[in-house]
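**Q** Take this sequence and fold it.
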Amino acid sequence: MNPQFPLEKVRNIGIAAHIDAGKTTTTERILFYSGRLHKLGEVHEGTATMDWMDQEQERGITITSAATTCMWEDARINIIDTPGHVDFTVEVERSMRVLDGVVAIFCAKGGVEPQSETVWRQADRYHVPRIAYINKMDIVGADFFSVLSQLREKLNARVLPMQLPVGAESKFSGVVDLIRMRAIIYEDDLGVESRETEIPRELREQAAGYRERILETAAEFDDALMEKYFKGQEITPEECYRALRKATIHHGLVPVFCGSSYRNKGVQPLLHAVVTLLPSPVDVGAVKGFDYKSGQEDFRLPDPAAPFSALIFKIMVDPFVGKLAFVRVYSGRLKKGSVLFNATREKRQRISRLLRMHANYREEVDEALPGDIIAFAGPKEISTGETLCSLEKPIILEAIKFPEPVISVAIEPKTKADQDKMSLSLQHLGEEDPTFHMHTDEETGQTIISGMGELHLEVIVDRLLREFKVQANVGKPQVAYKETIRGLARVEGRFIRQSGGRGQYGHVVIEVSAAEQGCGFTFINQIVGGTIPKEYIPAVEKGLNEAMHNGVLAGYPVTDVEVKLLDGSYHPVDSSELAFQIAASQAFKKALAQAQPVMLEPIMKVEITVPEDYLGDVLGDFTGRRGRIMGTDREGRLHIVRGIAPLSDMFGYTTALRSLTQGRGVFSMEFNRYDELPPNIAQKVIAQHVAY
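**A** Numbering: from 1, shown residues only. Reported below is the predicted structural model:
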């Protein structure tokens, strides 16, 4: 690697799309034509370079974003191939944060599919310029112009076709370059041999119309070209590309290309477009951040002479190297052996090895410069979204926001030997994936793992078994029900035991009543006249507290009760703290049974975003889950439904919502409160407890 590689010639791009639109296949072709690979790998055969994980090769999908580098037309292109499945949206999110440009791929038959909209919105959020590539022009049902209109309508994109397909489906043979007004026809299966010809007669009139639109658009973004255009002077391809590049970088338009990556047609012109139209780090300009000390807004220019700054956007646990941190360098130089400042953790970190990644292959380098996407064998304490910078002039770059997990399952090790390994392995997986969470439910004692969907958690469990050699059983998490009372009861509790010598004596009179929601447990001591000595009062409270851990209906914790200690008696010799503790506990159990005990269930606050076409089905399903709609808002064609629903009825909702909305609906859920469980459902829960 030439350390002084010109920054203007660097392109950091992502390949993003809906699942099965051809992202990984397109990346494979880019690597083949640029000379990075000498043999084509195929996703369906499990031989794609970028899909290197076992789970990716078996399922034929991309799970983790993979980085690689290639050269084309004197430019160095750093590529991140991202997943298309909604469960792995975090990989797209963190990639978008560090990319300068995106190639958005659309299936010529499927058009703008659900996840296409999601990745498009992610690119909008991070203001990433993009070009569109309509892939699979060779398949039955391929329709270039239908996809164009979907891009306009569904994504509200100002699209500008730069090519027209020559033929479609089985007759697709090449593309028309509308700027140079030539047809490129591919003549061999590998797509290496092509010839330029006149545009086929049947396409000439259509091509002329689209070319005129290109010239109009180019003139709109360049005053000098506007003058030439109105004077009817010739506009050269170079001038045209220069104006369109400016428009693309400033989000004025989305140039559209087409091809069939699997049939090796149209990939080289796409590479040319990446180099010609997408921005370099110089075009993107300074990265914004905050001064480490003052908190004032600060920035770093993409200049090797500027103070060093980089963002960690991905952590990967490599079995050979240990923890790998992927970073995007924004400014300054990074040499191996350097000591950097982790401004997020306020710690110094030494960088011992710098690695340029090609999927899961590593190439050692001595130095990294602005625009580089590089990895280093990281220290243990490091995580996604942290800023590395120079010690002299620290800065904190804007971190990456990650969505909260939406689905949870319980997991337990199969053997005692797996116990310790499991928690350590889950910790490693959590470091890699910020949307994967793990916690121990104190009330049920279960280890609960949470993620973005059922496939996400399935892959996590699969990785536990294969990479970390941990055998585990996976079930459904128990709902953390609670119990409370609706009435009032006054009872006595006596614990008397005589067994020769000193006995046990404790006697209490308590009144138990319902308390305000959310207050938990309230204890009021109303003893007067010393009927129970002061030293035994804490033991009474302790006994009551312990009894609250198990209710009388189904053994769930008791909440929202008030207990008054009214009276009692003691024995000068036989009374003890233990005796009063047991007496109080027994009295509490008796009181609960007499005070109209009821069961409570967790109620979740739910927000669902759904396209208008599916609103009726989603509302019907939601109310069928005992959901209550609190209000709806509208944003364009999307409706945002706010409501509350019991947690027990929301299990599996991710899958149900996707099924109802063809994957277009998304939802978020958070705990709201505990509410009384309807009697018919309470009876089932109690019956299960009795059976258990």
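**Q** mind listing what's buried in the longest strand seen in the chain?
**A** Counting by DSSP state E, the longest strand found in the chain is strand 597-611. In terms of neighbour count (16 or more other C-beta atoms under 10 Å), strand 597-611 has its buried residues at 597-604, 606, 608-611. Every residue, glycine included, has its C-beta placed from N, CA and C.
**Q** what does the average pLDDT come to for stretch 436-447?
**A** On average, the pLDDT along stretch 436-447 is 75.
**Q** quick revisit: any idea how far the longest strand of the chain is from the middle of the chain?
**A** Remark: strand 597-611 is offset 22 Å from the chain centroid, using C-alpha atoms, centre = their mean, to the nearest Å.
**Q** now stretch 102-112
**A** Mean-position distance between stretch 102-112 and its chain equals 21 Å (C-alpha atoms, centre = their mean).
**Q** For the longest helix along the chain, name the packing helices and strands.
**A** Criterion DSSP state H: the longest helix present in the chain is helix 201-220. The elements that helix 201-220 packs onto, with contact taken as 3 or more C-beta pairs under 8 Å, 6 or more residues apart in numbering; DSSP states H and E, are strand 159-161, strand 163-166, helix 223-230, helix 237-249.
**Q** which residues sit against the helix or strand just after the longest strand of the chain?
**A** Once the chain leaves strand 597-611, the next helix or strand it forms, by DSSP states H and E, is helix 615-624. Residues outside helix 615-624 that contact it (C-beta atoms under 8 Å, 6 or more residues apart in numbering) are 606, 608, 610, 629, 639, 641, 643, 645, 656-657, 660-661, 665.
**Q** Okay, and which of the residues you listed map to strands?
**A** 606, 608, 610, 629, 639, 641, 643, 645.
**Q** follow-up on the earlier one: now which of the contacts of helix 615-624 would you call buried?
**A** Neighbour counting with 16+ other C-beta under 10 Å marks 606, 608, 610, 639, 641, 643, 645, 656-657, 660-661, 665 as buried within the contacts of helix 615-624.
**Q** As CSV, the contacts of helix 615-624 with pLDDT would be great.
**A** As requested, the contacts of helix 615-624 are arranged in CSV below (pLDDT from 0 to 100):
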residue, pLDDT
V606, 86
I608, 89
V610, 90
I629, 94
H639, 88
V641, 91
G643, 93
A645, 93
A656, 89
L657, 91
L660, 92
T661, 90
G665, 86
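**Q** between the residues you listed, which is closest to H428?
**A** L657 (30.4 Å; C-beta to C-beta).
**Q** Not counting its neighbours along the chain, what's nearest that closest one?
**A** Closest residue to L657 apart from its sequence neighbours, by C-beta to C-beta, 6 or more residues apart in numbering: G665 at 4.6 Å.
**Q** A554 contacts H689, correct?
**A** Yes. Using C-beta atoms under 8 Å, A554 makes contact with H689 at a distance of 3.7 Å.
**Q** which of the two has more neighbours?
**A** With neighbours defined as other C-beta atoms under 10 Å, A554 and H689 compare such that A554 has more, 19 against 14.
**Q** what's the longest strand of the chain packed up against?
**A** strand 482-485, helix 615-624, strand 638-646, helix 653-661, strand 666-676, helix 679-691.
**Q** E367 is nearest to which of the ones you listed?
**A** If we rank the helices and strands packed on strand 597-611 by C-beta to C-beta, the stretch that ends up nearest is strand 666-676, at 42.1 Å.
**Q** quick one on the thing from earlier: quick check, nearest of the buried residues of strand 597-611 to F299?
**A** T609 (33.3 Å).
**Q** quick one, phi psi at the residue nearest to L657?
**A** G665 adopts backbone torsions of phi -90, psi 140, taken as degrees, to the nearest 10.
**Q** ok, then the element right after the helix or strand of the chain with the lowest mean pLDDT?
**A** Least confident element among the helices and strands of the chain, by mean pLDDT, DSSP states H and E: helix 54-59 (a mean of 44). Following helix 54-59 in sequence order, the next helix or strand is strand 66-72 (DSSP H and E).
**Q** Buried residues, that following strand. List them.
**A** 66-70, 72.
**Q** what do you get for stretch 199-219?
**A** Neighbour-count burial for stretch 199-219, counted by 16+ other C-beta under 10 Å, picks out 199-200, 203, 207, 210-211, 214-215, 217-219.
**Q** relative orientation of the longest helix of the chain and helix 223-230 in degrees?
**A** Angle, helix 201-220 to helix 223-230, by axes from the mean of the first three to the mean of the last three C-alpha atoms, to 10 degrees: 130 degrees.
**Q** residues in contact with helix 201-220?
**A** By C-beta under 8 Å, 6+ apart, helix 201-220 touches 160-162, 164, 166, 176, 178-179, 181, 183, 199, 225-226, 228-230, 235, 239-240, 243-244, 247, 253.
**Q** if we go to 10 Å?
**A** 145, 158, 160-167, 176-183, 198-200, 225-230, 235, 239-247, 252-253, 255 (C-beta atoms under 10 Å, 6 or more residues apart in numbering).
**Q** Report the angle between that helix and helix 237-249.
**A** Going by the same axes, to 10 degrees, helix 201-220 makes 70 degrees with helix 237-249.
**Q** quick one: helix 201-220 to chain centroid distance?
**A** Centroid separation for helix 201-220 versus its chain: 41 Å, with C-alpha atoms, centre = their mean.
**Q** Dump it to PDB, keeping only the CA atoms.
**A** Extracted C-alpha coordinates of helix 201-220, given in PDB (Å, rounded to 0.1, in the frame of the first residue of the first chain):
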ATOM      1  CA  ARG A 201     -32.600   0.900 -33.800                       C
ATOM      2  CA  GLU A 202     -35.600   0.200 -31.600                       C
ATOM      3  CA  LEU A 203     -33.900   2.000 -28.600                       C
ATOM      4  CA  ARG A 204     -32.600   5.100 -30.400                       C
ATOM      5  CA  GLU A 205     -35.600   7.400 -29.900                       C
ATOM      6  CA  GLN A 206     -36.000   6.400 -26.300                       C
ATOM      7  CA  ALA A 207     -32.300   6.800 -25.600                       C
ATOM      8  CA  ALA A 208     -32.300  10.300 -27.200                       C
ATOM      9  CA  GLY A 209     -35.100  11.400 -24.900                       C
ATOM     10  CA  TYR A 210     -33.400  10.100 -21.800                       C
ATOM     11  CA  ARG A 211     -30.100  11.700 -22.900                       C
ATOM     12  CA  GLU A 212     -31.800  15.100 -23.200                       C
ATOM     13  CA  ARG A 213     -33.100  14.700 -19.700                       C
ATOM     14  CA  ILE A 214     -29.500  14.000 -18.500                       C
ATOM     15  CA  LEU A 215     -28.200  17.200 -20.200                       C
ATOM     16  CA  GLU A 216     -31.000  19.300 -18.800                       C
ATOM     17  CA  THR A 217     -30.300  18.000 -15.300                       C
ATOM     18  CA  ALA A 218     -26.500  18.500 -15.600                       C
ATOM     19  CA  ALA A 219     -27.100  22.100 -16.800                       C
ATOM     20  CA  GLU A 220     -29.400  22.700 -13.800                       C
END
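**Q** tell me the average confidence for it?
**A** Here the average pLDDT along helix 201-220 is 94.
**Q** likewise stretch 617-625?
**A** 94.
**Q** Just checking the distance from that stretch to the centre of its chain.
**A** 26 Å.
**Q** Please report how far the closest residue to F402 other than its chain neighbours lies from L464.
**A** Distance criterion C-beta to C-beta, 6+ apart; nearest residue to F402, sequence neighbours excluded, is P434 at 4.4 Å. If you measure P434 against L464 using C-beta to C-beta, to the nearest Å, the figure is 18 Å.
**Q** Between the two, tell me which one has more neighbours.
**A** L464 (24 against 20).
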